[in-house]
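> with the input below, show me the fold.
(2 chains)
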Amino acid sequence: GAVVSQHPSRVICKSGTSVKIECRSLDFQATTMFWYRQFPKKSLMLMATSNEGSKATYEQGVEKDKFLINHASLTLSTLTVTSAHPEDSSFYICSASYKTGTETQYFGPGTRLLVL
Amino acid sequence: GNSVTQMEGPVTLSEEAFLTINCTYTATGYPSLFWYVQYPGEGLQLLLKATKADDKGSNKGFEATYRKETTSFHLEKGSVQVSDSAVYFCALRYQAGTALIFGKGTTLSVSS
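Here you go, the predicted structure:
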């Protein structure tokens, strides 16, 4: 089946620094990727939808200048948390679908971010 | 707006017990409905889905029926195993190609 990887799986950084998280589709071309954030004992909250070669569409309340998303190729999307603060500590998960309109999304294993 | 509500758990069962995890939804139109499972340390995996009313999704002994009249998609399994211990997420998608909307997840713990 389709595999999505994320790197790193866990990252600890100092407040004020920026952190980049990569999401890769390993055996298929992902025209659309989604970035979610999961709080403890909370649901996955959609942050943004990313289509290859175009600007990401952010959900209401998500700061696009803080959470920079780049989808430069059909197999890679990146999420950069800029000037991270402790409240940005969370579990970030990406998913990918391999063609527009498909019903199935394939999820990465997630990245645990801790900002000190 | 569109939303999903599922029982929060945790649900603790003995092996071979019957499992039900309730899920109801609010949506405009006719969404597709999904159950995802997240095993410890792994990413979310699609467990089953249903795309229209009265459809039954099934996989690995799990079943869920799309009930439009009660806006529900309850997950059931007749006999759970220890290996079923995981977090289960109910989700909907109101339009193909759009993101999923998730419930809060239900933790299932099965003991032998």
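> residue contacts, the residue lying closest to residue A:3 once chain neighbours are set aside?
Spatial nearest neighbour of residue A:3, excluding adjacent residues (Cβ to Cβ, 6 or more residues apart in numbering or on different chains): residue A:26 at 4.3 Å. Using the backbone N, CA and C atoms, a C-beta is placed for each residue, glycine as well. Residue A:26 sits next to A:2, A:3, A:4, A:5, A:75 when contact means Cβ atoms under 8 Å, 6 or more residues apart in numbering or on different chains.
> and of the residues you listed, the nearest to chain B?
Nearest to chain B out of the contacts of residue A:26 is residue A:4 (Cβ to the nearest Cβ; 7.1 Å).
> from what I see, the closest one and residue A:107 are in contact.
Yes: if you go by Cβ atoms under 8 Å, residue A:4 and residue A:107 touch, sitting 6.2 Å apart.
> what touches both of these two?
Shared contacts of residue A:4 and residue A:107, defined by Cβ under 8 Å, 6+ apart, comprise A:94, A:95, B:43.
> and the one helix or strand the second one maps to, what other elements does it pack with?
Secondary structure from DSSP states H and E places residue A:95 in strand A:90-97. Contact partners of strand A:90-97 among helices and strands, from 3 or more Cβ pairs under 8 Å, 6 or more residues apart in numbering or on different chains; DSSP states H and E: strand A:4-7, strand A:19-25, strand A:32-38, strand A:76-81, strand A:106-107, strand A:111-115.
> now do the contacts for the nearest residue to residue B:29 once chain neighbours are set aside.
Among residues not flanking residue B:29 along the chain, residue B:94 sits closest, at 6.0 Å (Cβ to Cβ, 6+ apart). Taking Cβ under 8 Å, 6+ apart as the contact definition, residue B:94 lies against B:2, B:27, B:28, B:29, B:31, B:32, B:101.
> bridged to the most centrally placed residue in chain A, which residues?
Nearest to the mean C-alpha position of chain A, by Cα atoms, centre = their mean, lies residue A:35 at 3.7 Å. The partner list for residue A:35 in beta bridges (DSSP bridges) reads residue A:48, residue A:94.
> before we move on, the earlier item: and the residue nearest to residue B:29, how close does it get to chain A?
Per Cβ to the nearest Cβ, to the nearest Å, residue B:94 is found 12 Å from chain A.
> in stretch A:70-84, what counts as buried?
Neighbour-count burial for stretch A:70-84 flags A:71, A:74, A:75, A:77, A:78, A:79, A:81, A:84 (criterion: 16 or more other Cβ atoms under 10 Å in any protein chain shown).
> show me which pair in the residues you listed is furthest apart.
A:74 and A:84 (28.1 Å; Cβ to Cβ).
> so what's the closest residue to residue A:5 other than its chain neighbours up against?
Spatial nearest neighbour of residue A:5, excluding adjacent residues (Cβ to Cβ, 6+ apart): residue A:24 at 4.9 Å. By Cβ under 8 Å, 6+ apart, residue A:24 lies in contact with A:4, A:5, A:6, A:7, A:75, A:76.
> run the last query once more with 10 Å
Residues counted as contacts of residue A:24 (Cβ atoms under 10 Å, 6 or more residues apart in numbering or on different chains) are A:3-7, A:30, A:33, A:73, A:75-78, A:94, A:96, A:108.
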